[in-house]
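Student: Model the following, please.
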Amino acid sequence: MLDNLKNEINLKLTSAPYFQGHDLPSVEFAPAPAHTGADISLSWAMACAKILRKSPLEIAKEACKVIRETNAVTDAQAVAPGFINITLDDSFIIKSAIDRRIKSREAEDCKHRILIEFVSANPTGPLHVASGRGASLGDSLVKIHRALGYCCDSEYYVNDAGNQAELLAASVKARKEGKEPPENGYHGSYIIDLVKQMPADLKEEDYGRWAMETLIKTQQQDMKDFHVDFTRWFRESDLHEDRAPQKALQYLTEKGYTYEKEGAIWFGSTKDDEAQDDKDRVLVRKDGRPTYFMADIAYHKNKYDRGYDELIDILGADHHGYVPRMKAAVHALGHKESSFVPIIHQLVHLTEKGEQVKMSKRAGHFVTLRELMNDVGTDVCRFFFASRTPNAHMLFDLDLAKTQSNENPVFYVQYVHARIHSIFRAAQEKNIKMTQIRVPLAPQERALLLKLVWFKEVLRNCIRDLSPHHLTTYLTELAGLFHAFYDTCRVLDEQNPEVTGSRLFICQRVAERIKKGLEFIGVSAPEKM
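Tutor: Take a look at the predicted model:
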């Protein structure tokens, strides 16, 4: 309903004599700062100042005259240097808060298909904590895109080609013989675990493939237990079976993007003036083997060929150099560079008792995602990972993660959902029924309902910034408002059934929003704690 109000205000402003004849920006809503006492704040007047050649405050005062005529608005005030603060009618807040619709109508036709690829770890070892951060980010973005009506798929790219299987085989063989793996092999103790699982009749030439397939199954189980579902697990080996690198190379050659030098075939990424890459790259080595970059170009061409319009790649912290070369490749493939959207998430640093945790008992030089899940639980992992923007380094406090108190944001939010369910169990025992929300609203009721109104806008902000941190912030703030409401407003009052029924209705909507919000970030909503 905020969208309807926004459209109504836009229409009224553009129709008003003072603003007619000008190509003005559309009104955008934001929650008003708490100290204003208003509900919505607009910076629209300041955006119009250059176009209208008027002071923002004068524009804001004229806009307020128009906005006050809107049925849902009880007041609109201009504030220096040109903000417009709007107070909404209680009945509008109630109707908006109880509206369960989330999907955006403009997105439902699915003409724009999005593919989000994430994790894509090499199948040569267990997933580490950083992979968990990428998984949490990707899965949440997929869920939020779908909730708003977008056609969005998720994909895990399995790098099961190349010499990795050979190195893995050599590492397994060495451990089986009681030796150290080769220097460029894999040294984690998980290799010893693999050797213990090996079938007795497994032939030496099958060591690498068996070990890789076993590790892929382990990664798939890790993702399942981390509450992440992929549309597909795409194998690099399938690309090579389909001769996709050769086909992509032929395409680039026909477009004039390749040349030979020193026995190798190069990608002329600097051919175009607008190309972002700063140097040309080898596609095929002297010995005829395609480079990883060639395989990546073929994979992204495959994505476009499957009908995807926007490719979002979630990459680890060491992939900054990958971005300009892939954007150049996307351009060479005949697509807009803007259709390739890389997200680079930063490192995760685990801390315990104020000190950084550096080593894993099982994997050697990194802590596995499985170890972290077993230590603090999947819910805590997912909520903590979602709470930070991808471009920020993360300190994951293990002590806080294990705390069962309001200091732990996961516990703080989940407890509200559990408390509301306990309220409804008590209401059922007393045969107290839920009724429609009554007016006028108490201040704490109003603040809680107003927060519910912003849910869809928060999801849009997550897509705009490609980060679910807006949602964890929202859920934490919603939980805080509920605690204030619960402490001030008596919910179950048998002497006042009308008030009780109304407050039960409010509680139900809060529980629904918390459950849905937690679902988007892969966290459970327990009914008892």
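
Student: Tell me where the model's unsure across this protein.
Tutor: Counting by pLDDT under 70, the chain has low-confidence residues at 104-109, 272-276, 359-365.

Student: what's the nearest residue to the residue minimising distance to the centre of it if we skip its chain neighbours?
Tutor: Averaging the C-alpha coordinates of the chain gives a centre point, and the residue nearest to it by C-alpha atoms, centre = their mean is residue 141 (3.2 Å). Sequence neighbours aside, residue 116 is the residue nearest to residue 141 in space, at 5.8 Å (criterion: C-beta to C-beta, 6 or more residues apart in numbering). In short, each C-beta sits where N, CA and C put it, glycine included.

Student: Thought residue 142 was touching that neighbour, still the case?
Tutor: Yes: using C-beta atoms under 8 Å, residue 116 and residue 142 qualify as a contacting pair, with a distance of 5.4 Å.

Student: what sits in contact with each of these two?
Tutor: Common contact partners of residue 116 and residue 142 (C-beta atoms under 8 Å, 6 or more residues apart in numbering): 152-154.

Student: packing partners for the helix or strand encompassing residue 4?
Tutor: Secondary structure here is read from DSSP states H and E; on that basis residue 4 sits in helix 2-15. Using 3 or more C-beta pairs under 8 Å, 6 or more residues apart in numbering; DSSP states H and E as the contact criterion, the secondary-structure elements in contact with helix 2-15 are helix 56-67.

Student: Quick check: neighbours of the next helix or strand after the helix it packs on in the sheet, parallel or antiparallel?
Tutor: Later in the chain than helix 56-67, the nearest helix or strand by DSSP H and E is strand 73-79. Its sheet considered, strand 73-79 pairs with strand 83-88 (antiparallel) by DSSP bridges.

Student: and the strand it pairs with, how far from the chain's centre?
Tutor: Relative to the centre of its chain, strand 83-88 is centred 31 Å away, using C-alpha atoms, centre = their mean, to the nearest Å.

Student: can you pull the buried residues of the longest helix belonging to the chain?
Tutor: Ranked by residue count and defined by DSSP state H, the top helix of the chain is helix 497-520. Within helix 497-520, the residues that count as buried by 16 or more other C-beta atoms under 10 Å are 499-518, 520.

Student: go on, stretch 458-476?
Tutor: Buried positions in stretch 458-476, judged by neighbour count with 16+ other C-beta under 10 Å: 458-459, 461-463, 466-472, 474-475.

Student: rewinding a little: direction included, what does the helix or strand hosting the residue nearest to residue 141 pair against?
Tutor: According to DSSP H and E, residue 116 maps onto strand 113-117. Strand 113-117 has its sheet partners listed here by DSSP bridges as strand 151-158 (parallel), strand 310-315 (parallel).

Student: C-terminal to the first one, which secondary structure element comes first?
Tutor: Spelled out, it's strand 151-158. Counting by DSSP H and E, the next helix or strand C-terminal to strand 151-158 is helix 164-176.

Student: Give the other helices and strands that that following helix contacts.
Tutor: helix 190-197, helix 207-225.

Student: will you turn those into JSON lines that also has mean neighbour count and distance to residue 95?
Tutor: Conversion of those to JSON lines gives the following (neighbours: other C-beta atoms under 10 Å; distance: least, C-beta to C-beta, whole Å):
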{"stretch": "helix 190-197", "mean neighbour count": "16", "distance to residue 95": "56"}
{"stretch": "helix 207-225", "mean neighbour count": "18", "distance to residue 95": "40"}
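
Student: Reformat the ones you listed as CSV; add distance to residue 60.
Tutor: What follows is those, written out as CSV (distance: least, C-beta to C-beta, whole Å):
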stretch, distance to residue 60
helix 190-197, 63
helix 207-225, 50
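
Student: Out of those, which is closest to residue 338?
Tutor: Of all the helices and strands packed on helix 164-176, it is helix 207-225 that lies closest to residue 338, at 29.3 Å by C-beta to C-beta.
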